[in-house]
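J.: Using only what follows, build the 3D model:
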Amino acid sequence: MERPPSDGWQEALELYKAQADDLHAGRTPRVANQDGLTIADLCNRFLAAKLRKTESGELSSRMFAEYRQTTDRLVAFFGKTRLVEYLRADDFESLRAEIAKRCGPVRLGNEITWFKSVFKHAAVNKLIEHPVTFGSEFEKPGKAVMRRHKADSDQKLFTCAEILTLAKEAGLQMKAAILLGVNCAAGNTDVANLEFRHLDLEGG
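T.: The predicted structure is shown next:
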């Protein structure tokens, strides 16, 4: 049996292909056509720019890894083919609600900042005609929320005995990191960026 070309099945199939990502994810389809910057294109351009900064030493590898996770989450949530220009405030409200399910307020605030930086890249570099509208809800948690979170959080402190046990059981690199943290207040990034030129091996 052959369908007549006039019954609209070809147009319906093309529309389904354009909207499939949204439909299967339970989102309201907003793809009117395939002309424009997609989420996948934006994320690739953003990561390429951040990789250049990482290679030049302007951005830490740890921060680049965070940006990579950010773009992965954008693609997973909105779909590869979603056009950036069709994103609306309610899309970002849903994204924030999804992040909040798995994150505390500190992490939530960080991720919102990173998500916005991706779309700022699009606007600053004229990849889209108009800046994305995030709406009033896609904001970091307020100061009152952060104060309550800090008050309710247990202090992450180690006793002297616990630190000595960790240093004793750790491998060579981790033991060095522990000792640098305790004696020099060096954080993870400080230790990761440490080079021999920073050390005075003769003078101690």
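J.: For the rest of this, base every contact and every neighbour count on C-alpha atoms.
T.: Fine.
J.: Relative to residue 106, how far out is residue 174?
T.: For residue 174, the distance to residue 106 (Cα to Cα, to the nearest Å) stands at 26 Å.
J.: go on, residue 116?
T.: Going from residue 116 to residue 106 by Cα to Cα gives 16 Å.
J.: what's the helix or strand for the spatially most central residue of the chain?
T.: For the chain, the residue nearest the mean C-alpha position is residue 70 (1.9 Å; Cα atoms, centre = their mean). In this assignment (DSSP states H and E), residue 70 forms part of helix 61-78.
J.: Domain ranges for the protein, per the record?
T.: For the chain, automatic domain parsing gives the domain ranges 16-150, 160-198.
J.: With mean pLDDT added, can I get those in TSV?
T.: Shown next, in TSV, are the domains of the chain (pLDDT from 0 to 100):
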stretch	mean pLDDT
domain 16-150	87
domain 160-198	83
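J.: Highest mean neighbour count out of these?
T.: Mean neighbour count (mean count of other Cα atoms under 10 Å) peaks for domain 16-150 among those, with a mean of 16.
J.: what's the spacing between that one and its chain's center?
T.: 7 Å (Cα atoms, centre = their mean, to the nearest Å).
J.: for the closest residue to residue 51 other than its chain neighbours, what are its contacts?
T.: The shortest distance from residue 51 to any non-neighbouring residue, by Cα to Cα, 6 or more residues apart in numbering, is to residue 64 (7.0 Å). When contacts are counted by Cα atoms under 8 Å, 6 or more residues apart in numbering, residue 64 touches 50-51, 54.
J.: Thanks a lot, see you next time.
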